[in-house]
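Engineer: what follows is a predicted structure for the sequence shown.
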Amino acid sequence: MRSWHERLLGDLSGSLRRLAFLPEAWRYRIVSTALGRQSRYFRTHRLRIVHIAPGRISIGAANHRSLRNRAGALHAMAASVAGEYAAALVVAQHLPRGARLLVKSVHADFRAPLRGDVQAQACIDPEQIGAACAGAGGRLRVAMKVIDATGKAPVRGHVDVVWSSPSSTQDTGP
């Protein structure tokens with residue numbers, strides 16, 4: 001039997017529709033908690049969902065002492081982890097129920113030191129949304145950027161995400 005967080009994340013778009021009666025902040029906290037139960041890195045980096053819209057996700061990362069580099073700024077890899085989660089979730093919200101998602105690669109360009117808290121953003125266009133909704137397995141390259149407290153985006157890149165359809169994940173033994 002699957003736990004509540006596996007059920008919620010296994011049908012993210014359906015779960016978001018069912019939670020629509022709640023205030024926005026509560027919905028984001030519930031999904032963040034579910035993701036934290038599913039993924040140790042989301043939890044230990046203390047990431048949180050800031051905004052969810054069709055084709056768009058923002059994940060926040062605070063400048064906690066445990067995530068800082070020797071210069072006292074948020075470590076660039078911690079910021080790229082937030083971007084990775086944002087890209088995966090933006091695709092996951094459009095996948096059919098039960099589809100399995102996997103991040104294949106992450107490419108991040110670090111252009112300047114990060115200042116203060118950050119917000120990782122990922123978005124996909126309507127054509128990419130259609131590809132994710134199609135039901136079959138697929139692959140998408142999702143653009144992501146990390147915006148720091150100055151409003152600039154010192155980290156930009158992309159994440160390659162692959163998924164398999166629910167029917168191909170089921171065992172069809174003899």
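Structural biologist: Everything's here; your move.
Engineer: test my guess that H107 contacts G157.
Structural biologist: Yes: using Cβ atoms under 8 Å, H107 is in contact with G157, at 4.6 Å. Bear in mind the C-beta positions are built from the backbone N, C-alpha and C, glycine included.
Engineer: quick one, which of the two is more surrounded?
Structural biologist: G157 (18 against 13; other Cβ atoms under 10 Å).
Engineer: tell me where this protein is predicted with low confidence.
Structural biologist: Across the chain, the ranges flagged by pLDDT under 70 are 1-2, 5, 135, 167-174.
Engineer: all strands of it, in order?
Structural biologist: Along the chain, counting by DSSP state E, strands occupy 48-53, 56-61, 100-110, 118-123, 138-147, 155-164.
Engineer: W4 is nearest to which of the ones you listed?
Structural biologist: Nearest to W4, of all these, is strand 48-53, at 16.8 Å by Cβ to Cβ.
Engineer: got the angle for that closest one vs strand 118-123?
Structural biologist: Interaxial angle, strand 48-53 versus strand 118-123 (axes from the mean of the first three to the mean of the last three Cα atoms, to 10 degrees): 30 degrees.
Engineer: for the lengthiest helix in the chain, which positions count as buried?
Structural biologist: Secondary structure assigned by DSSP state H gives helix 76-92 as the longest helix of the chain. By neighbour count on 16 or more other Cβ atoms under 10 Å, the buried set for helix 76-92 is 76, 78-92.
Engineer: and for stretch 90-101?
Structural biologist: Quick answer for stretch 90-101 (16+ other Cβ under 10 Å): 90-96, 99, 101.
Engineer: which pair in those spans the largest distance?
Structural biologist: V90 and P96 (15.5 Å).
Engineer: what sits against the residue nearest to D125 when sequence neighbours are not counted?
Structural biologist: Excluding the flanking residues, the one nearest D125 by Cβ to Cβ, 6 or more residues apart in numbering is G55, at 7.0 Å. Residues near G55 by Cβ atoms under 8 Å, 6 or more residues apart in numbering: 90, 94, 123-126, 128-129.
Engineer: mind checking how far L8 is from T33?
Structural biologist: As for L8, its distance to T33 is 9 Å (criterion: Cβ to Cβ, to the nearest Å).
Engineer: these two: which is more packed in?
Structural biologist: Set L8 next to T33 and count neighbours by other Cβ under 10 Å: L8 wins out with 22 against 17.
Engineer: what's near enough to touch that one?
Structural biologist: 15, 30-31, 34.
Engineer: who's the closest residue to L101 other than its chain neighbours bridged to?
Structural biologist: The shortest distance from L101 to any residue other than its chain neighbours is 4.6 Å, reached at W163 (Cβ to Cβ, 6+ apart). Taking DSSP bridges as the rule, W163 bridges to L101, G138.
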